[in-house]
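**Student:** The sequence and its predicted three-dimensional model are supplied below.
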Amino acid sequence: MKLEVREMNVCRIWKQKSSQILRKVDIHTTTDFVKIVEVGPRDGLQNEIVFVPTDKKIKFIDKLSQTGLCSIEVTSFVNPKWVKQMSDNKEVFSKIEKKANIDYPVLVPNAKGLYDALEVGVKEVAVFASASEGFAMKNTNGSIQQVLDRIKEVTTISRGKGIKVRAYVSCVVGCPYDGQISPKSVAKVTEQLLSFGCYEISLGDTIGVGTINSMNNMLKEVLNVTSPKKLAVHCHDTYGQGLVNIIVGLEKGINVVDSAVSGLGGCPFAKGATGNVATEDVVYMLHGMGLKTGINLEELVECGNFISNIIGRPTQSRANQALHKKKS
Ligand SMILES: CC(C)(COP(=O)([O-])OP(=O)([O-])OC[C@H]1O[C@@H](n2cnc3c(N)ncnc32)[C@H](O)[C@@H]1OP(=O)([O-])[O-])[C@@H](O)C(=O)NCCC(=O)NCCSC(=O)C[C@@](C)(O)CC(=O)[O-]
């Protein structure tokens, strides 16, 4: 009997808390649209050891283009000795069926990557910096400052050619090499990237260690140097905190979220990192909150199943598993 009363109280408190969160989200978002940047084809597949055939990558991206997504990061133009999985970048980008209302950014680390991408007609690039020295060195073979210098060159060339530049900051709360990361370092790198002309900064919890508190502290500091409209969140789900960390971002007025269908992914240079938060789970959550994404969840589930079959691993998305089971 006592237990029942306690459970009822816990339920009531949770209901109050979740409606407070929803109210806050309503207050802070100027629009009820949340933009999803699908990173499955790049962040999702870059860590796969077995090479995913190029025609399957293309089919995967073409299927994603049918779901209502408006931005799909398709590949990277990095050194193929470092990331062999993305070595078919030119063929993938050239052969995907591009829809007029979808952006197809590609990841580039330096001017060489940019020029290679320009050869196949890329219109948007994503550059990547780190808030930790250890990860900057392991991931990009340079210090934070050296990487920022390369990015400055990429943004200068890109702006001259009318190419849009988005930027990532990795390890915004924790680093596999340097441990906890100071929110001030994240704010400093964010400010520099914006000063180069990057239109949006995606804050990456690369190893998925963030919690409500660490995300909150980091975002408070970053929001001292910019507006939420310039930010996106990119949460890996290693500790199962991806969705809740996205809510922290929404509460602060951020309405761009990166995710990977089926929870694919991880970074080859971030030990212990697992996949991104699954796009299906994010979309299910956002729609349940009354927010719009423009995405058809059923079609997304199809994409998740398609790529899971190709890589030979079950989907990591809980929403996908549940919806698939319900259907069958
Ligand atoms: C940054 C570099 C290029 C420096 O790599 P480096 O070895 O220091 O480069 P280098 O300038 O000394 O050149 C060495 C060789 O690489 C070649 N090279 C140089 N650049 C390129 C290029 N763009 N494309 C193709 N080839 C390239 C260059 O031409 C040369 O060739 P060689 O003369 O020996 O034949 C290297 O470290 C690299 O490619 N790193 C890859 C890092 C990567 O892809 N990491 C995963 C993505 S980041 C991520 O997942 C995190 C994120 C974004 O999702 C957000 C989050 O979760 O936090």
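**Tutor:** Perfect, I can see it now.

**Student:** For the ligand, what's the nearest residue on this protein?
**Tutor:** Taking CB to the nearest ligand atom, the ligand has its nearest neighbour within the chain at Gly204, 2.6 Å off. In this view, the C-beta of every residue, glycine as well, is placed from N, C-alpha and C.

**Student:** Quick check on that residue: phi, psi?
**Tutor:** Main-chain dihedrals, Gly204, degrees, to the nearest 10: phi -100, psi 120.

**Student:** who touches it in this structure?
**Tutor:** Tyr168, Val169, Ser170, Cys171, Val172, His234, His236, Asp258 (CB atoms under 8 Å, 6 or more residues apart in numbering).

**Student:** which of these are close to the ligand?
**Tutor:** Tyr168, Ser170, His234 (CB under 6 Å from any ligand atom).

**Student:** Verify the stated contact: the second one with Glu133.
**Tutor:** By that I understand Ser170. No. Contact status for Ser170 versus Glu133: not in contact, 11.7 Å apart, counting by CB atoms under 8 Å.

**Student:** neighbour count winner among those two?
**Tutor:** Each of Ser170 and Glu133 has its neighbours counted (other CB atoms under 10 Å); Ser170 has more, 29 against 17.

**Student:** Roughly how far does that one sit from Ser65?
**Tutor:** To Ser65, Ser170 is 27 Å away according to CB to CB, to the nearest Å.

**Student:** Show me what from the protein comes close to the ligand.
**Tutor:** Counting by CB under 6 Å from any ligand atom, the residues of the chain that sit close to the ligand are 43, 46, 76-79, 82-83, 109-110, 112-113, 116, 128, 139-141, 168, 170, 204, 206, 234, 267, 269.

**Student:** Just the buried ones from those residues, in ChimeraX syntax?
**Tutor:** A single ChimeraX command is used to select the members of these judged buried by 16 or more other CB atoms under 10 Å:
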select :43,46,76,77,78,79,82,83,109,110,113,116,128,139,140,168,170,204,206,234,267,269
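
**Student:** What about the residues of the chain next to the ligand, which are in helices?
**Tutor:** Lys112, Gly113, Asp116, Asn139, Thr140 (DSSP state H).

**Student:** Show me the two of the residues you listed that sit farthest apart.
**Tutor:** Asp116 and Asn139 (18.9 Å; CB to CB).

**Student:** and the residue nearest to Tyr199 when sequence neighbours are not counted, what are its phi and psi?
**Tutor:** Nearest non-adjacent residue to Tyr199, counting by CB to CB, 6 or more residues apart in numbering: Lys164, 5.9 Å away. Torsion angles at Lys164 (phi, psi; degrees, to the nearest 10) stand at phi -80, psi 140.

**Student:** Isn't Lys164 up against Ala126?
**Tutor:** No. Contact criterion CB under 8 Å: Lys164 and Ala126 do not qualify, at 9.4 Å.

**Student:** Next, show the common contact partners of those two.
**Tutor:** Common neighbours of Lys164 and Ala126 (CB under 8 Å, 6+ apart) are Pro105.

**Student:** what about those two, which has more around it?
**Tutor:** Taking neighbours as other CB under 10 Å, Lys164 and Ala126 compare with Ala126 leading, 23 against 17.

**Student:** Which of the three states applies to the more buried one?
**Tutor:** Secondary structure for Ala126, judged by DSSP: H, G, I helix; E, B strand; the rest coil, is strand.

**Student:** still on that earlier bit, need the contacts of Gly204 in JSON lines (columns: pLDDT).
**Tutor:** JSON lines is the format used below for those (pLDDT from 0 to 100):
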{"residue": "Tyr168", "pLDDT": "98"}
{"residue": "Val169", "pLDDT": "98"}
{"residue": "Ser170", "pLDDT": "98"}
{"residue": "Cys171", "pLDDT": "98"}
{"residue": "Val172", "pLDDT": "98"}
{"residue": "His234", "pLDDT": "98"}
{"residue": "His236", "pLDDT": "97"}
{"residue": "Asp258", "pLDDT": "98"}
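
**Student:** Which members of those residues are the farthest-apart pair?
**Tutor:** Cys171 and Asp258 (14.9 Å).
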